[in-house]
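Visitor: Structure for this input, please:
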Amino acid sequence: MHIGCTGTVQLCINMSNAKFEVFVSSRNSQYYFRLKSGNGEIILGSEGYVSKQGCLNGIASVKANSPYDSRYQRKNAVYNYTFNLTGGNGEIIGRSENYTSLAGRENGIVAVKRDAPAAPIVDLV
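Guide: Residues are numbered from 1 along each chain as shown. As a prediction, the model looks like this:
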């Protein structure tokens, strides 16, 4: 059961105020999504999509794959810790921001696992 879910049917409530935002880049006119935490920090961002539906499909994949630790690729460099979220096919479906500590990166993963499954989608297009 996800955090914020209750009962055997797993009624999920977005208790963290996290949200997905869908937007179009003014540079390349592609669609992107970002997952923002309740405090407004971007905790996951997408690659560009040529269609809005493709972008929405990417969000659905994040929601489906985010609870599983095996879907996270952790990257380590000196004072630069990141992670990628992958789908069942191994393709990257979301990338984290840069973290200056290992603990910060792990907290970011916890936030995505907790928030993504129930986060609403806000269309900024």
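Visitor: Give the residue spans of this structure that score low on pLDDT.
Guide: 1-15 (pLDDT under 70).
Visitor: Can you identify each of the strands in the protein by residue range?
Guide: Assigned by DSSP state E, the chain shows strands spanning 5-6, 11-12, 19-24, 31-36, 42-45, 72-77, 80-86, 92-95, 121-123.
Visitor: which parts of the longest one are buried?
Guide: When you say that, I think you mean strand 80-86. Neighbour-count burial for strand 80-86 flags 81-86 (criterion: 16 or more other CB atoms under 10 Å). Backbone N, C-alpha and C define where each C-beta goes, glycine included.
Visitor: That one packs against which elements?
Guide: helix 52-65, strand 72-77, strand 92-95, helix 102-115 (3 or more CB pairs under 8 Å, 6 or more residues apart in numbering; DSSP states H and E).
Visitor: Contacts made by that strand with the rest, please.
Guide: 44, 62, 65-66, 71-75, 92-102, 104-105, 108-109, 112 (CB atoms under 8 Å, 6 or more residues apart in numbering).
Visitor: Return the distance of the residue positioned nearest the centre of the chain relative to residue 78.
Guide: Nearest to the mean C-alpha position of the chain, by CA atoms, centre = their mean, lies residue 44 at 4.2 Å. Counting by CB to CB, to the nearest Å, the gap from residue 44 to residue 78 is 23 Å.
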